[in-house]
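S.K.: sharing a model that was predicted from the sequence below.
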Amino acid sequence: MKITTKATVLAALTLAAGQSLAVNTFWTGNAGDSRWNNINNWSPAHIPNNGDAVYIGSNGPVIIGQNEIGVAKSLSCTIEMSIIGNLYVTDTALLAGHTFMYGTNPGIHATNIEITGQFEYFNGVLSRYTQSGTTHVAAGASMNVRTSAAVTVTSNLNIDGRVDINDASLSVLGDSNYPIGFIASGGGTISINGNSTVHGNAYSYLASDGTVALTGFQKLPKIDADMKFFNGPYAVLRVEGGCYAQIGNPAQVAFPVGVINSGYWYIKDNSTLLFPDGRDVSSIEGNGHVIVEGPNSVFHSMKNLSNISSTLSLRNGADFYVNPTGGFLTQQGFIDLSPGSRLSVEGSFTCTPASSITTFLTGMTTAKTGTIYARDMAHLDGYCLAVFDSGFAASGEDQAVAIVEAGPSGSGVDSTFANFQSSNAPGHANAIYKPYTANVALTCRADLNSDGYVDDTDFVIFAYSYNILDCTDYNMPYNCPADLNSDGFVDDTDFVFFVSAYNALLCE
């Protein structure tokens, strides 16, 4: 059946509906040519019309050829199907097998398109009959927009599974009567890879409570300037793989005045995220959470950040530089610093009473610490927590964590944290906060009686514990304080730590 114009398509649909009664129609594939429009491939023996419920479950593949159409009221296909022409389904098209769409101008036109299998998208259009119609990629299913594809969706596109866009262009378009959404639900993932672009128009938007990932080494994946981006409170926008990624038209995104107030914005693996018009993010607020991971990862639009009332996480050696507007970065929310990460403030840094800072330390050396560096003045209030993992051990004046450092020409620290705590392995309250430098130092972990010395009194406690060995033994002193590396045993490794501290004697 050759179809060349929209008018011809409509006439064919009308004719097909009038020629035969609606029946349950089953694919047999008995003709052996895989063609939808061969009457000998169906039972009962007729080509389906727009009143038929069509079931395809074996003897594939099924092919709707170039310039051909397939018609049904509803469709359930659990095997391989190739759509090179156009498929029209007035109700729901369920695609549970491996579906390929390619050719000069292919399309699927249905009230609802339900993808529960694999969908390979080389070219063409997915469109809907009604405003409430949806294309749904179900959990566990996938849509792969193949390399060099230029494809269009004019149906709501809801993702509970996964959509991968690979060096391709995906246009999600609507109009005033049919606004279009491209949505990742809580478990869904939209992956925009390489030099791909997701493009919309004034009536389209990209919303997410799942993950939108822009990936590709030294590439520029984009959410185009015409598409609105709404990042839900539980969403993740993740930029990784050495990617240089761009979010289009900040005038249309959910923070029109430079405020990140929802979602997780995750930049990692030496990647860069930016807004193309150079717009600054002035504040992290509400449910907004910015995560920067690695020393060369950059959220370019945050260079003039001046307020944090939500969350900033710096991980795995992140080096986050801020030149705040007005010269002050005000911390009213939560900052966490992982080992080797640094927040550098080209100005003053102020913690309010409502703020909190957590820094973590792993390993055995003080080089693996978190730091906040303030060029000018550090005004400290709020809550500060230093967390030491079970593998850390130090003695004497070894600086464990630099919470705040003032610059060489700065005025230093003019106040102290209202509430400082350290969190260590059980039984080791071994951190001292130095308020005038805003640094944290470890006391001697080997000072088992906490008198400021590691001497013979501590040796008696250590020797007693060493002979018991197992920290779970009921004879072991409470919280097993002699387990200096917190591995659950008092053994030779702990003895090495103890001897070093014993020889130093003084903890201060």
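M.R.: Looks like it arrived, so ask away.
S.K.: who's residue 329 bridged to?
M.R.: Beta-bridge partners for residue 329, by DSSP bridges, are residue 349.
S.K.: does it touch residue 347 like I think?
M.R.: Yes - between residue 329 and residue 347 there is a contact under C-beta atoms under 8 Å: 6.6 Å. All C-beta atoms are positioned from the backbone trio N, CA, C, and that covers glycine.
S.K.: of the two, which one has the most company?
M.R.: residue 329 (24 against 20; other C-beta atoms under 10 Å).
S.K.: quick check: the gap between the residue nearest to residue 457 when sequence neighbours are not counted and residue 461.
M.R.: Using C-beta to C-beta, 6 or more residues apart in numbering and skipping residues adjacent in sequence, the residue nearest residue 457 is residue 449, 5.6 Å away. According to C-beta to C-beta, to the nearest Å, residue 449 stands 7 Å off from residue 461.
S.K.: next, residue 203: phi, psi?
M.R.: Note on residue 203: its backbone torsions stand at phi -110, psi 10 [degrees, to the nearest 10].
S.K.: er, residue 300 actually
M.R.: Dihedral angles (degrees, to the nearest 10) for residue 300: phi -60, psi -30.
S.K.: okay, now it: neighbour count?
M.R.: Neighbour tally, residue 300, other C-beta under 10 Å: 15.
S.K.: so who does it touch?
M.R.: Counting by C-beta atoms under 8 Å, 6 or more residues apart in numbering, residue 300 makes contact with 272-275.
S.K.: can you list the domain ranges for this protein.
M.R.: 303-437, 456-504 (automatic domain parsing).
S.K.: highest average neighbour count across those?
M.R.: domain 303-437 (a mean of 19; mean count of other C-beta atoms under 10 Å).
S.K.: quick one: mean pLDDT for that one?
M.R.: Per-residue pLDDT over domain 303-437 has a mean of 79.
S.K.: that domain: end-to-end distance?
M.R.: 26 Å (C-alpha to C-alpha, to the nearest Å).
S.K.: ok, stretch 46-64 next?
M.R.: 15 Å.
S.K.: what mean pLDDT does that stretch have?
M.R.: 96.
S.K.: give me the distance from it to the chain's centre.
M.R.: Centroid separation between stretch 46-64 and its chain, computed with C-alpha atoms, centre = their mean, to the nearest Å, is 40 Å.
S.K.: buried sites along it?
M.R.: Neighbour counts using 16 or more other C-beta atoms under 10 Å place 47-56, 60, 62-64 of stretch 46-64 among the buried residues.
S.K.: what separation do you get for residue 143 and residue 128?
M.R.: Relative to residue 128, and taking C-beta to C-beta, residue 143 is found at 16 Å.
S.K.: ok, the two, which is more surrounded?
M.R.: Comparing residue 143 with residue 128 by other C-beta under 10 Å, the one with more neighbours is residue 143, at 26 against 21.
S.K.: just for the stretch 1-150 of the chain, where's the confidence low?
M.R.: Where the stretch 1-150 of the chain drops to pLDDT under 70, the residues are 1-22.
S.K.: dump the contacts of residue 300 to TSV, plus pLDDT, secondary structure and neighbour count.
M.R.: Shown next, in TSV, are the contacts of residue 300 (pLDDT from 0 to 100; DSSP: H, G, I helix; E, B strand; the rest coil; neighbours: other C-beta atoms under 10 Å):
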residue	pLDDT	secondary structure	neighbour count
272	92	strand	17
273	90	strand	24
274	85	strand	17
275	80	coil	20
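S.K.: follow-up on the earlier one: tell me the one of the buried residues of stretch 46-64 nearest residue 456?
M.R.: Proximity of the buried residues of stretch 46-64 to residue 456 (C-beta to C-beta) peaks at residue 60, which lies at 83.1 Å.
S.K.: which non-adjacent residue is nearest the closest one?
M.R.: Closest to residue 60 by C-beta to C-beta, 6+ apart is residue 79, at 3.6 Å.
S.K.: count of neighbours near that neighbour?
M.R.: 18.
S.K.: over to residue 269?
M.R.: 17.
S.K.: residues contacting it?
M.R.: Contacts of residue 269 by C-beta under 8 Å, 6+ apart are 240-243, 293-294, 297.
S.K.: any chance of CSV for the domains of the chain, columns distance to residue 232?
M.R.: Converted to CSV, the domains of the chain look like this (distance: least, C-beta to C-beta, whole Å):
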stretch, distance to residue 232
domain 303-437, 15
domain 456-504, 39
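S.K.: could you pull out the helices for the chain?
M.R.: All helices of the chain, identified by DSSP state H, fall at 6-19, 456-468, 492-504.
S.K.: from what I see, residue 135 and residue 126 are in contact.
M.R.: Yes - here residue 135 reaches residue 126: they are 5.2 Å apart, a contact under C-beta under 8 Å.
S.K.: give me the common contacts of these two.
M.R.: By C-beta under 8 Å, 6+ apart, the residues touching both residue 135 and residue 126 are 113, 153, 155, 157.
S.K.: check what pLDDT the third one gets.
M.R.: Looking at residue 155, its pLDDT stands at 91.
S.K.: quick check: chain neighbours aside, which residue is closest to it?
M.R.: residue 128 (3.8 Å).
S.K.: now residue 169. Nearest residue, chain neighbours left out?
M.R.: residue 150 (4.7 Å).
S.K.: is residue 184 in contact with residue 208, as I believe?
M.R.: Yes - applying C-beta under 8 Å, one finds residue 184 in contact with residue 208, separated by 4.4 Å.
S.K.: what residues are shared contacts of the two?
M.R.: 190, 235.
S.K.: contacting residues around the lengthiest strand in the chain?
M.R.: Counting residues, the longest strand in the chain under DSSP state E turns out to be strand 142-154. Strand 142-154 has contacts (C-beta under 8 Å, 6+ apart) with 115, 118-128, 135, 137, 159, 161-174, 178, 180, 182, 196.
S.K.: now do 6 Å
M.R.: The contact list for strand 142-154 (C-beta atoms under 6 Å, 6 or more residues apart in numbering) reads 118-123, 125-127, 137, 161-173.
S.K.: quick check: bridge partners of the residue positioned nearest the centre of the chain?
M.R.: In the chain, the centroid-proximal residue (C-alpha atoms, centre = their mean) is residue 236; its distance is 3.6 Å. Beta-bridge partners recorded for residue 236 (DSSP bridges): residue 211, residue 264.
S.K.: again with residue 240
M.R.: residue 215.
S.K.: I'd like the numbering to begin with 59 instead of 1 from here.
M.R.: Done: numbering now begins at 59, and the last item shifts to residue 298.
S.K.: quick check: it vs residue 224, distance?
M.R.: 15 Å.
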